[in-house]
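A.B. asks: Quick one: sequence plus predicted model below, questions after.
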Amino acid sequence: MNLGLEWGGNWKTIADYPHFQLPDWGSSTSGIKKLYPNPQAFMKTWTSQERIGWIKDLNGWWYRKKDGTYPFNEWHIINHHWYLFNKDGYACTSWHRWNGSVCDPEDGSGDWYYFEPAPEGPLEGACWHSRENGAQEIWYVDEPDTIWLL
């Protein structure tokens, strides 16, 4: 899909408004004004190459690998913490099931796991575990990242 964009000024007059030619955006700026305080903030999102690593969108956090793919229905260690990515590729938060190959299988099979739900927290989506004394904590793993293994 192509993006048509006309740009100008500071959003004070109609001539200054960016004009998109996409069905999702329409021809007004109301959508991007809700997300960005000014044109400069919006332009910072434009990159000449695809970002690698953690990316947040309206649905949650996902992870783009170096080869451009993203994990789905997979566990990965990232920065010494376990993360589970669901069937759509988003890091799980709160309670989810894992049956050995699928996150949240339709038949309800699998074991329950808890993932840090704090939005915008530094470890959002990190898996919790029980310590030997029964206390719960975010699971720190002293192993290298697995996200880069293909």
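C.D. replies: Cool, the structure landed.
A.B. asks: what's the helix or strand for the residue positioned nearest the centre of the chain?
C.D. replies: Closest residue to the average C-alpha location of the chain: residue 61 at 1.7 Å, with C-alpha atoms, centre = their mean. Using DSSP states H and E, residue 61 sits within strand 60-64.
A.B. asks: So what touches that strand?
C.D. replies: 50-55, 70-71, 76, 78, 83, 85, 89-91, 93, 124-125, 147 (C-beta atoms under 8 Å, 6 or more residues apart in numbering). For every residue, glycine as well, the C-beta is placed using N, CA and C.
A.B. asks: Any of those buried? List them.
C.D. replies: With neighbours counted by 16 or more other C-beta atoms under 10 Å, the contacts of strand 60-64 contain buried members at 70-71, 76, 78, 83, 85, 89-91, 93, 124-125, 147.
A.B. asks: In a markdown table: these, plus distance to residue 117.
C.D. replies: Below are those laid out as a markdown table (distance: C-beta to C-beta, whole Å):
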| residue | distance to residue 117 |
| --- | --- |
| 70 | 21 |
| 71 | 20 |
| 76 | 19 |
| 78 | 17 |
| 83 | 13 |
| 85 | 16 |
| 89 | 18 |
| 90 | 13 |
| 91 | 11 |
| 93 | 4 |
| 124 | 7 |
| 125 | 8 |
| 147 | 21 |
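A.B. asks: farthest pair in these?
C.D. replies: 93 and 147 (17.8 Å; C-beta to C-beta).
A.B. asks: which residues of this structure fall in strands?
C.D. replies: Assigned by DSSP state E, the chain shows strands spanning 5-6, 19-20, 53-57, 60-64, 74-78, 81-85, 94-98, 111-115, 128-130, 136-138.
A.B. asks: looking at these, which is buried most?
C.D. replies: Across the strands of the chain, the average number of neighbours (mean count of other C-beta atoms under 10 Å) peaks for strand 81-85, which reaches a mean of 22.
A.B. asks: Check the offset of that strand from the chain's centre.
C.D. replies: Distance of strand 81-85 from its chain centroid, counting by C-alpha atoms, centre = their mean, to the nearest Å, is 12 Å.
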